[in-house]
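J.: quick one, what's the 3D model for this:
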Amino acid sequence: MKALTILEDYFLRNLTVTGIYHFRARLLVKFTLVSILFAIGYWVNTFFTGFLAARYGMIIVTVLFLGQLWTLRRVKDQWWVAQFFILVCWVTVALLTFFSGGIKSFVMPWLAFIPVLALMLLGQRTALFWCAVCISLVIVTYLLDGIYDIPSRWRAPSSDLLTASLTIGLVAIILSTTYVFHGQGSRLLSTIQEQQAIIEKHNESLEAEVEKRTRELLDYNQQLEQFAFISSHNLRAPVATLLGLGHLLEVSAGKKEDVEQICMNMIATSRELDRVVRDLSTILEIRKPSHALLVPLDLKEEVQLVRVSLERELNETGARLDTDFTEVAVIHTVRPLMDSILMNLISNAIKYRHPERPPVISIRSSREEGEVCLSVSDNGLGIDMDTYGDKLFTLYGRFHSHVDGKGLGLYLVKTHVMAMGGRIEVVSTPGEGTTFRLHLRDSAPSKV
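T.: Numbers count the residues shown, from 1 in each chain. The predicted structure is shown next:
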């Protein structure tokens, strides 16, 4: 079968058809090769039976089939080549019938095989056409019976060997055709199953992608709701204050003390408005697709840089910063985002420390299911997850009122993690501490 496949590829190398048409083209090559072998075998048989017309006819048929293969190797569509093959088969059966007794010929049943070939090689319509042609030939042969006379030299001899060999040949061709068609059908079924497996795999990937996009859309919707909150509260309040101060300035009658106090209040309110606007700019900037290249980041060095930045806070609170990066020391990520994540988590651990003990902050890295897990734990105040769990990463979310803060840090942490294609988990117990677990992709840096 491997040699047959090589021959198919050789003869069909210029075809541009695909699917069922390519399948039929492979059948055509196989049927042609079987027909050539039959013609050669029948040609040898004529030396034993003396059927002279068949002897020369098989030579012509073999040449025609070889020419057909030569043509098939050079065309892009096998339709006309397949029609020519069926025509040669039909003409061969018709001539053998004509030279071997007409309507009483033992070759006549071979006509039933012609529509079958047309069905397998060209389809139902062509099969019906050749069925009509074969029936017409039978009728014409019946009407011409006894009208014409074949010279004895070319006429098929009365030979039991000839009858037996033709019958055996017909059965052999049918068996060969069945074997070939079954083999091609099995290959086609296998290909269909492979394609179904690929489609199912693609469907699973598509479902996962749709689910991912859905989560992103839900997250974006949440961000829009938070922006609406900002515009309706955080922006409206300072704007209303400015309008009110402006109205007071109009009715102050130019008193110097009142004007100075109003101007000081307007400046303070403007600073508050500027802070809100800058926060919005920061949020919008990190929501843009990251254009920064991924770089190898040494976690120990990055934590050391954060330690230097927070040196005063660490010394004042007596905080201890423990790290363990033995399992994963380097991760490929976006440096500014990771720097912001570590800075916010460590500063929050210091800010929300427990009043009865110095803060202890532990940072660990590990590898879990193809991801890098970075955990940041503290022994601080903790968070009531049952009460505030669904609001933990919301913009301007505050859970401890005794400490100054804007409620922006955790929001930025989650947004940075999501921008890098990761996710974040939180485990916290009030009065004992909090652990943030960041699951990050470790992708190789882009090559430019």
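
J.: show me the shaky parts of the stretch 101-250 of the chain.
T.: By pLDDT under 70, the weakly predicted segments of the stretch 101-250 of the chain are 179-191, 219-220, 222-237.

J.: can you map out the strands along the stretch 101-250 of the chain?
T.: Taking DSSP state E, counting those that start in this stretch to define them, one finds no strands in the stretch 101-250 of the chain.

J.: if I look at the residue nearest to the spatial centre of the chain, how far off is residue 213?
T.: Residue closest to the average C-alpha location in the chain (Cα atoms, centre = their mean): residue 202, at 4.6 Å. Going from residue 202 to residue 213 by Cβ to Cβ, to the nearest Å gives 16 Å. Placement of C-beta: from N, CA and C, glycine included.

J.: check contacts around residue 242.
T.: If you count contacts by Cβ atoms under 8 Å, 6 or more residues apart in numbering, residue 242 has them with 266, 269-270, 273.

J.: will you turn these into TSV that also has secondary structure and neighbour count?
T.: Below are the contacts of residue 242 laid out as TSV (DSSP: H, G, I helix; E, B strand; the rest coil; neighbours: other Cβ atoms under 10 Å):
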residue	secondary structure	neighbour count
266	helix	18
269	helix	19
270	helix	14
273	helix	17
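
J.: and which of those is nearest residue 103?
T.: residue 273 (106.2 Å; Cβ to Cβ).

J.: give me the domain ranges for the chain.
T.: Annotated domains of the chain cover 2-203, 291-448 [automatic domain parsing].

J.: weakest of these in terms of mean pLDDT?
T.: Comparing mean pLDDT across these, the lowest value falls on domain 291-448: a mean of 81.

J.: gap between it and the chain center?
T.: 35 Å (Cα atoms, centre = their mean, to the nearest Å).

J.: can you check stretch 199-206 too?
T.: Using Cα atoms, centre = their mean, the offset of stretch 199-206 from its chain centre is 7 Å.

J.: also stretch 90-107?
T.: 57 Å.

J.: quick one: contacts of that stretch?
T.: Against stretch 90-107 from outside (Cβ under 8 Å, 6+ apart): 51, 53-54, 57, 61, 108, 110-111, 113-114, 130, 133-134, 137-138, 141-142, 144-145, 148, 150, 154-156, 162-163, 166-167.

J.: endpoints of it, how far apart?
T.: Criterion Cα to Cα, to the nearest Å; first-to-last residue distance in stretch 90-107 is 11 Å.

J.: list the buried residues of that stretch.
T.: 90, 92-102, 105-107 (16 or more other Cβ atoms under 10 Å).

J.: got it, and stretch 411-421?
T.: In stretch 411-421, counting by 16+ other Cβ under 10 Å, buried: 411-418, 420.

J.: and residue 354, its phi and psi?
T.: phi -80, psi 130 (degrees, to the nearest 10).

J.: so it touches residue 379, yeah?
T.: Yes: contact between residue 354 and residue 379 holds when scored by Cβ atoms under 8 Å: they sit 6.4 Å apart.

J.: quick one: common contacting residues for these two?
T.: residue 433.

J.: ok, those two, which is more surrounded?
T.: residue 379 (19 against 16; other Cβ atoms under 10 Å).

J.: which one is that one nearest to, not counting chain neighbours?
T.: Distances taken as Cβ to Cβ, 6 or more residues apart in numbering put residue 433 closest to residue 379, at 4.2 Å, once the chain neighbours are dropped.

J.: for the one you found, name its beta-bridge partners.
T.: Residue 433 has these beta-bridge partners by DSSP bridges: residue 429.

J.: tell me the bridge partners for residue 375.
T.: residue 364, residue 437.

J.: ok, it to residue 364 distance?
T.: Distance from residue 375 to residue 364, by Cβ to Cβ: 5 Å.

J.: one more: residue 341?
T.: Counting by Cβ to Cβ - residue 341 and residue 364 are separated by 15 Å.

J.: which one's more surrounded, the two?
T.: residue 341 (28 against 19).

J.: tell me which element that one is part of?
T.: In this structure, residue 341 is located in helix 335-351 according to DSSP states H and E.

J.: what's around residue 8, how many residues?
T.: Residue 8, neighbours per other Cβ under 10 Å, totals 18.

J.: wait, doesn't it sit right on residue 31?
T.: No: checked against Cβ under 8 Å, the pair residue 8 and residue 31 is beyond contact range at 11.7 Å.
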